[in-house]
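**Student:** fold the stuff below for me.
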Amino acid sequence: MVELDDEFSAFRNENIVSNEQRVVYFINSFIAALVPVYLYHAIFSMSFDSYMIVYGSVTLFAAIVLTFAYNNVYRVKRLKLSATREHMLIPKTKQTNGLDRKKVLAAKRESQAVVTSHEATALSIMYNNAVFLVSMLAFSFIIFKNVPLVYNYIVSVSLAAGFTTFLSTSSKH
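**Tutor:** Coordinates of the predicted model:
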């Protein structure tokens, strides 16, 4: 019963996202959401002065929505990576004996969890940024190319962020 409680608490703790990760996600999503601002300024000549409120509000909205997408993909990737790597520790630690075996196993699990967390974070950021930027380009240059520029920007960036978050809820990454 105690072992079952330990596994349950470990699973529950894996789904908790730290404040540090939230800040990293928000900074990365804010930078990714700033890329369309540069594109619309450079390609379509939409000035910063005239559209500062539009740029700011849409960028902030997209950054917040993308933060949820990063978190969703991170959870799925971390669980999949952890599941595939769990069996790798057992054969190597059978060679040690006694109390040292438990300490070595716990230390290896902890270091593996940190590495897996970092890899899942990196994969989440790369995947979501790629999906967001490609979908934003498709929305702005293909689907909404005949829409006035301000509305094109608002709709393209907002839909791209929403589309990315929608795709991140899938369990197949």
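**Student:** quick one: low-confidence ranges for this structure?
**Tutor:** The model of the chain has pLDDT under 70 over residues 1-15, 89-99, 171-173.
**Student:** do a quick rundown of the helices in it.
**Tutor:** In the chain, the helices defined using DSSP state H lie at 2-14, 19-43, 52-93, 98-138, 149-168.
**Student:** give me the nearest residue to the residue nearest the centre of the chain, chain neighbours excluded.
**Tutor:** By CA atoms, centre = their mean, the chain has its centre lying nearest to residue 70, at 1.8 Å. What sits nearest to residue 70 in space, not counting adjacent residues and going by CB to CB, 6 or more residues apart in numbering, is residue 25, at 4.2 Å. From N, CA and C alone the C-beta is placed, and that goes for glycine too.
**Student:** residue 55 too?
**Tutor:** According to CB to CB, 6+ apart, the nearest residue to residue 55 is residue 37 (5.1 Å).
**Student:** likewise for residue 127?
**Tutor:** residue 73 (5.7 Å).
**Student:** also residue 81?
**Tutor:** Excluding its sequence neighbours, the residue lying closest to residue 81 (CB to CB, 6+ apart) is residue 116, at 4.7 Å.
**Student:** and if you look at residue 151?
**Tutor:** residue 144 is the one closest to residue 151 (CB to CB, 6+ apart), at 7.7 Å.
**Student:** can you check residue 47 too?
**Tutor:** Nearest one to residue 47, counting by CB to CB, 6+ apart, is residue 41 at 7.2 Å.
**Student:** what's around that neighbour, how many residues?
**Tutor:** 14 (other CB atoms under 10 Å).
**Student:** same thing with residue 165?
**Tutor:** The burial count for residue 165: 23, using other CB under 10 Å.
**Student:** can you pull the contacts of the closest residue to it other than its chain neighbours?
**Tutor:** Nearest-residue entry for residue 165: residue 69, 4.2 Å, with adjacent residues in sequence omitted and distances by CB to CB, 6+ apart. When contacts are counted by CB atoms under 8 Å, 6 or more residues apart in numbering, residue 69 touches 29, 128, 132, 161, 164, 165, 167, 168.
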